[in-house]
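>>> With the sequence up front, the predicted model follows.
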Protein chains: 2
Amino acid sequence: MVTVSNLAATAQLMGDPARAAMLVAMLDGRAFTAGELARTAGIAASTASGHLAKLRDGGLIALYPQGRHRYYRLASVDVGNMIERMMAVTSELAAAHTLSKPIFTGPRDQALRRARVCYDHLAGEIAVRIADRMTQREELVMDRDGAVITAAGLALLENLGVPPGIARENGNAHALCRPCLDWSERKPHLAGTIAAALYQRFQTLGWIKRKPQGRALEILPKGRLGFERVFDIRL
Amino acid sequence: MVTVSNLAATAQLMGDPARAAMLVAMLDGRAFTAGELARTAGIAASTASGHLAKLRDGGLIALYPQGRHRYYRLASVDVGNMIERMMAVTSELAAAHTLSKPIFTGPRDQALRRARVCYDHLAGEIAVRIADRMTQREELVMDRDGAVITAAGLALLENLGVPPGIARENGNAHALCRPCLDWSERKPHLAGTIAAALYQRFQTLGWIKRKPQGRALEILPKGRLGFERVFDIRL
DNA sequence: CGCATGTTTCGGTCGCGACCGAAACAAGCG
DNA sequence: CGCTTGTTTCGGTCGCGACCGAAACATGCG
């Protein structure tokens, strides 16, 4: 067997708390310097540097030197999806196994549960509610195995100004997308190319804004109106 | 943040070669005793027992005591999917990173690449070719974000005798399924509920048979005919 | 109710790897 | 061309965990 030892190696890379923290930080697709990552993981710069070298060796992250800075980011969307998936499974397991309650208190967690970015698309309560509403209106069909945008959904997207080339790329009457289990809501939200395009669109429309650091998103006043008008969701 | 340390814990569980080997062995959904798993991992029974306890703690596997034997199996399909996904990403990374050729030689690997079971559905060359053929005939639409069976595909499935209740469970004109990146072929094959039903059906039709141990599948003479007739695939 | 078989617990050894601080390296900038 | 700032390399410490064999535990069978 070829992949068994490789599998263990990859897993081991993610198995260290410091490395996991750094990977999660990079989960939104942005690039960071070794110093920043060291700070978020709470370790010395030298230690972080070692970890980053290992992650690079393993192919999980890529290096982009830029002038006097050296930026690290995830190697590909696939890596991001893998981490995402592991987080979802892990949180499900934790919920099923430990009877202790989750203890979400800090305002930072609050904001994170409300709206955040999940590698390249929207996640959190708002994303789940959008998916629910679209399902209810039959703009979206979703189950654990997959999801499609129906003709009605495509019309909605086009109306919103999401590049139709992206939305229509598969089939005439429907477009494929991917369900992604939300770790805070424990329900699926929309992921995949279309969800990424939608997320971009929300940003250019000025509905949401990424907070200076971290994965939390701020819902701007224009967004409050927009989400209510288009998706009938009031926050 | 709640899940970061949990994520690391889960990853660490898979990060040990012996544990990874045991998990991969269980990937076909069957249950094994501690002794069997110890043998496949090449470690002492006592060591394996310790590993299994940890995996159980972490919620990755479940225990089914039966008489004087104690059977272990994966805790859920989600866990299987997670491992599957990690293997796919890992093998892709390995292929992209190392320039060395894969070195698949032994007949065991040959059979494995040809046809095997991937948790609960068909994988390997034959699965990829079925997916290709169905796509070509417009019975299936697939991209990296998802997949659907079209009306034509549903007709085919019904014709094959796959329980229509399963095949039709979402929408009238299509049913959702999931693409799964095949680690040997590096192309997607069919996964999800429908693929699982199809796999079962092939077995009851006597087209394929699981080899006594391992994940490799044997294609029976009846299957050779069947696959040629239904999917126009000759082996 | 002993015996055989399979499984887990216990003690003890050993090596890997995470960590830090100090020093060596880059890469602008004044 | 030194100085500053960010990054990596180097040595050295320390603790966790993987491993085994022996012994204790179960469970069904003769």
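Happy to help now that I have it. Residues are numbered from 1 along each chain as shown, chains lettered A, B, ... in the order given.

>>> going forward, measure contacts and count neighbours with C-alpha atoms only.
OK.

>>> Quick check: which ranges of chain A have low pLDDT?
When residues are selected by pLDDT under 70, those of chain A lie in A:1-2, A:94-108, A:168-173, A:213.

>>> From A:Arg39, how far off is the residue in chain A that DNA strand C sits nearest to?
At 3.3 Å from DNA strand C, A:Gly67 is the closest residue in chain A, using CA to the nearest atom of the strand. According to CA to CA, to the nearest Å, A:Gly67 and A:Arg39 sit 21 Å apart.

>>> who's more crowded, the two?
Ranked by neighbour count (other CA atoms under 10 Å in any protein chain shown), A:Gly67 and A:Arg39 place A:Arg39 first, with 13 against 7.

>>> burial of A:Ala21, as a residue count?
23.

>>> where's it relative to A:Ala195, distance?
25 Å.

>>> same deal with A:Thr3?
32 Å.

>>> Get me the contact residues on chain A for DNA strand C.
A:16-18, A:42-48, A:51, A:67-68 (CA under 7 Å from any atom of the strand).

>>> Can you list phi and psi of the residue of chain A closest to DNA strand C for me?
For A:Gly67, the backbone dihedrals (degrees, to the nearest 10) come out as phi 60, psi -130.

>>> Can you verify my assumption that A:Ala9 contacts B:Gln12?
No: the criterion here is CA atoms under 8 Å, and A:Ala9 misses it with B:Gln12 at 10.0 Å.

>>> other SSEs contacting the biggest helix by length in chain A?
Longest helix in chain A, counting residues (DSSP state H): helix A:77-97. Under the contact criterion of 3 or more CA pairs under 8 Å, 6 or more residues apart in numbering or on different chains; DSSP states H and E, helix A:77-97 touches strand A:175-181, helix B:3-14, helix B:77-97.

>>> now the angle from it to helix B:3-14?
100 degrees (axes from the mean of the first three to the mean of the last three CA atoms, to 10 degrees).

>>> Show residues contacting helix A:77-97.
A:24, A:27, A:60, A:74, A:102, A:118-119, A:180-183, A:186, B:3-4, B:6-7, B:10, B:58-60, B:78-79, B:82, B:85-86, B:89 (CA atoms under 8 Å, 6 or more residues apart in numbering or on different chains).

>>> In space, what's closest to the spatially most central residue of chain A - neighbours in sequence excluded?
In chain A, the C-alpha nearest the mean C-alpha coordinate belongs to A:Cys118, at 1.0 Å (CA atoms, centre = their mean). Spatial nearest neighbour of A:Cys118, excluding adjacent residues (CA to CA, 6 or more residues apart in numbering or on different chains): A:Asp28 at 6.1 Å.

>>> what about that neighbour, neighbour count?
There are 20 residues near A:Asp28, going by other CA under 10 Å.

>>> close enough to count as contact, it and A:Arg116?
No: contact criterion CA under 8 Å: A:Asp28 and A:Arg116 do not qualify, at 9.2 Å.

>>> Spit out the residues that contact these two alike.
With CA under 8 Å, 6+ apart, A:Asp28 and A:Arg116 have common neighbours A:Arg215.

>>> Pick the most deeply packed of the helices and strands packed on helix A:77-97.
Neighbour counts (mean count of other CA atoms under 10 Å in any protein chain shown) averaged over each of those peak at strand A:175-181, with a mean of 25.

>>> Neighbouring strands of it in the sheet, and parallel or not?
strand A:146-149 (antiparallel), strand A:188-191 (antiparallel) (DSSP bridges).

>>> who touches the very next helix or strand once past the first one?
Note on strand A:146-149: by DSSP states H and E, the next helix or strand toward the C-terminus is helix A:151-160. Identification of contacts with helix A:151-160 by CA under 8 Å, 6+ apart yields A:134, A:138-140, A:164, A:167-168, A:173-175.

>>> Of the residues you listed, which belong to helices?
Those of the contacts of helix A:151-160 lying in helices (DSSP H): A:134, A:164, A:167.

>>> residue contacts, the first one?
When contacts are counted by CA under 8 Å, 6+ apart, A:Met134 is found next to A:140, A:153, A:231.

>>> quick revisit: could I get the strands paired with strand A:175-181 as CSV with distance to A:Ile126?
As requested, those are exported to CSV (distance: least, CA to CA, whole Å):
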stretch, distance to A:Ile126
strand A:146-149, 18
strand A:188-191, 9
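
>>> Any idea which of these gets closest to B:Lys211?
Closest approach to B:Lys211 among the strands paired with strand A:175-181 is made by strand A:146-149 (30.7 Å; CA to CA).

>>> Now do A:Ile43 against A:Glu36, distance only.
Relative to A:Glu36, and taking CA to CA, A:Ile43 is found at 10 Å.

>>> can you confirm A:Pro65 is in a strand?
Yes: counting by DSSP: H, G, I helix; E, B strand; the rest coil, A:Pro65 is located in a strand.

>>> still on that earlier bit, which residues touch the residue nearest to A:Cys118?
So A:Asp28 contacts A:117-120, A:215 (CA under 8 Å, 6+ apart).

>>> now do A:Lys187
A:128, A:181.

>>> can you do 6 Å?
By CA atoms under 6 Å, 6 or more residues apart in numbering or on different chains, the residues touching A:Lys187 are A:Leu181.
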